[in-house]
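# Attaching a predicted model along with its sequence, questions to come.
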Amino acid sequence: MCTQAIAVLSSRYNFTTSLADTLLNADSSSNMDQSGSKAQCARRLRAALASAEPPLRTISEAESARRPAPGKWSPRQVIGHLVDSASNNHQRFVRAMWQDELVFPGYDQERWVEVQRYQDASWRELLDLWVAFNRHIATVMSLIPDDVRSRVHANHNLDEIAMRPPDSPEQATLDYFMADYVDHLEHHVRQILGDGWTVAE
């Protein structure tokens, strides 16, 4: 499955041969997911999905459409926003594997939720999409070579697109950005499930 994903990404995003070979070699490594730092973000993301999916699926269609307060997103809209986050950040993580900078376009989050009418969508279908998309993103995260993940970028706009902007220039790495993505996902899941929700490691 990972090999097929790399082939698709290679053809779609015009990977160089050397980068595709690097990813294929990483995919064939038997200890990739056990290497302390390389797959940390991927493990965190998978753990968050495993902990969030069961309680989210106990929410009924009617409950998923209820807004907690005027002007606040319903659970459907929160998950829809997380689908949009996955969509935007997936391509950012992929492009970061060959870009020399961490500069990416932002998006109007409120408008994306509005125009896609997540409030009228099926709760079950939204959950299916969100879970599947993030499982794939976890795979992408685990395929990123260590030197790419930890490279410090002088040119970036993480202060604009990350939930928590870096505190220092040394934090401007793809690893920081991916960890911020997981933090963002967990933050919004807690908006639905409450502050008592925790991730089982």
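Yep, that arrived.

# which residue is nearest the centroid of this structure?
The residue lying closest to the centre of the chain (C-alpha atoms, centre = their mean) is Ala86, at 4.7 Å.

# Could you check the pLDDT of that residue?
Note for Ala86: predicted pLDDT of 97.

# What are the neighbouring residues in contact with it?
Counting by C-beta atoms under 8 Å, 6 or more residues apart in numbering, Ala86 touches Trp130, Phe133, Asn134, Ile137. Any C-beta I mention is one placed from the backbone N, CA and C, and that applies to glycine too.

# How about Glu63?
Pro75.

# Offset the numbering so it begins at 43, please.
From this message on, residue numbering opens at 43, which makes the last subject Glu105.

# Now the host helix or strand of it: buried residues?
Per DSSP states H and E: Glu105 is located in helix 103-106. Across helix 103-106, burial judged by 16 or more other C-beta atoms under 10 Å covers Ser106.

# Toward the C-terminus from that helix, list the very next helix or strand.
helix 117-137.

# which element follows that next one toward the C-terminus?
helix 151-157.

# okay if I get the contacts of Ala128 as a markdown table plus distance to Arg109 and pLDDT?
Compiled in a markdown table, the contacts of Ala128 are given as follows (distance: C-beta to C-beta, whole Å; pLDDT from 0 to 100):
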| residue | distance to Arg109 | pLDDT |
| --- | --- | --- |
| Trp172 | 19 | 98 |
| Phe175 | 24 | 97 |
| Asn176 | 24 | 98 |
| Ile179 | 28 | 96 |
